[in-house]
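Undergrad: Build the 3D model from these lines:
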Amino acid sequence: MSVPQDETRSARKHRAILDAATEVFLADGYAGTTIDRIAATAAVSKPTVYKHFADKPALFAAIVARTVDEAAEPVHAEVAALRDTGDVAADLRDLARRQLSMVMRPRLLRLRRLVIGEAGRFPELGRLFAERGPARTMADLAAAFRGLTERGLLAVDDADLAAAHFNWLVMSVPLNHAMLTGDDAPPPAAEIERYADEGVRVFLAAYAGNGIGRATRRRPGRVSPDP
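TA: Residues are numbered from 1 along each chain as shown. Alright, predicted model coming up:
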């Protein structure tokens with residue numbers, strides 16, 4: 001069934017407005033962003049922006065939802081596949097590397113800072129970011145860890161806590177560094193691998209079940225502390 005031309009044009013304008021709003025919000029911050037600037041960047045009229053989005057907060061919420069969803073969806077699919085893994089250590093390392101690489105993307109880092117900066121005035125945006133991003137990922141991880149525990153591949157009593165441990169063992173150092181210093185440059189691939197692999201190694205040292213060999217429990221390398 002063909003899509004009516006008006007709907008196609010409307011969808012293009014909607015996407016153009018979101019793209020422009022993302023660019024302007026991340027460049028100018030929330031307070032410095034105006035609907036006039038977004039309209040000019042999107043090459044649409046100001047009334048057209050308001051036709052698609054009620055106001056600036058609604059537009060900001062839409063870019064938060066879209067950006068977080070685009071980053072999170074590939075991770076969710078990979079987490080779901082963990083339940084059928086034949087090599088827990090290898091698949092957790094692959095997941096950790098991809099998850100950390102995604103979280104450390106400059107656009108997502110800048111959006112995270114912007115949401116945190118506006119959390120006092122718009123706490124619902126912080127909740128939106130958390131629920132569609134980290135909280136959803138950790139809920140999926142917890143479900144996967146329960147399944148792996150049932151298979152004897154992990155030994156997890158509190159799956160929610162184990163998911164939080166996995167998440168922050170992998171990303172706490174590089175993410176905190178980026179958030180506190182304003183450094184948007186993605187870490188080199190070797191650093192991504194080091195943080196991810198060491199996080200997984202420590203996680204398995206605590207949670208490996210009888211079905212996983214202890215070869216992963218080698219002596220840890222040194223990870224630099226938070227700045």
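
Undergrad: Mark out where each domain of this structure begins and ends.
TA: 1-53, 67-216 (automatic domain parsing).

Undergrad: which helices and strands does the helix or strand containing residue 165 pack with?
TA: If you go by DSSP states H and E, residue 165 is part of helix 159-181. Counting contacts by 3 or more Cβ pairs under 8 Å, 6 or more residues apart in numbering; DSSP states H and E, helix 159-181 packs against helix 88-103, helix 106-117, helix 134-150, helix 189-207. For every residue, glycine as well, the C-beta is placed using N, CA and C.

Undergrad: in it, what counts as buried?
TA: Neighbour-count burial for helix 159-181, with 16 or more other Cβ atoms under 10 Å as criterion, is recorded at 159, 162-163, 165-167, 169-171, 173-175, 177-178.

Undergrad: Adding pLDDT, write those residues out as TSV.
TA: Listed next are the buried residues of helix 159-181 as TSV, based on pLDDT from 0 to 100:
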residue	pLDDT
159	97
162	97
163	97
165	97
166	97
167	95
169	97
170	96
171	94
173	94
174	95
175	95
177	93
178	93
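
Undergrad: nearest to residue 79, of the helices and strands packed on helix 159-181?
TA: helix 134-150 (4.3 Å; Cβ to Cβ).

Undergrad: Export that closest one to CSV, keeping only CA atoms.
TA: Extracted in CSV, the C-alpha atoms of helix 134-150 (Å, rounded to 0.1, in the frame of the first residue of the first chain):
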residue,chain,number,x,y,z
PRO,A,134,20.4,2.6,31.3
ALA,A,135,17.4,1.2,33.2
ARG,A,136,16.1,-0.7,30.2
THR,A,137,19.5,-2.1,29.4
MET,A,138,20.0,-3.3,33.0
ALA,A,139,16.5,-4.8,33.2
ASP,A,140,17.4,-6.8,30.0
LEU,A,141,20.7,-7.8,31.5
ALA,A,142,19.1,-9.0,34.7
ALA,A,143,16.7,-11.2,32.7
ALA,A,144,19.6,-12.6,30.7
PHE,A,145,21.6,-13.3,33.9
ARG,A,146,18.6,-15.1,35.4
GLY,A,147,18.4,-17.4,32.4
LEU,A,148,22.2,-18.0,32.4
THR,A,149,22.0,-18.8,36.1
GLU,A,150,19.3,-21.4,35.4
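
Undergrad: right, and the helices and strands packed on helix 159-181 - which one's nearest residue 45?
TA: Of all the helices and strands packed on helix 159-181, it is helix 106-117 that lies closest to residue 45, at 25.8 Å by Cβ to Cβ.
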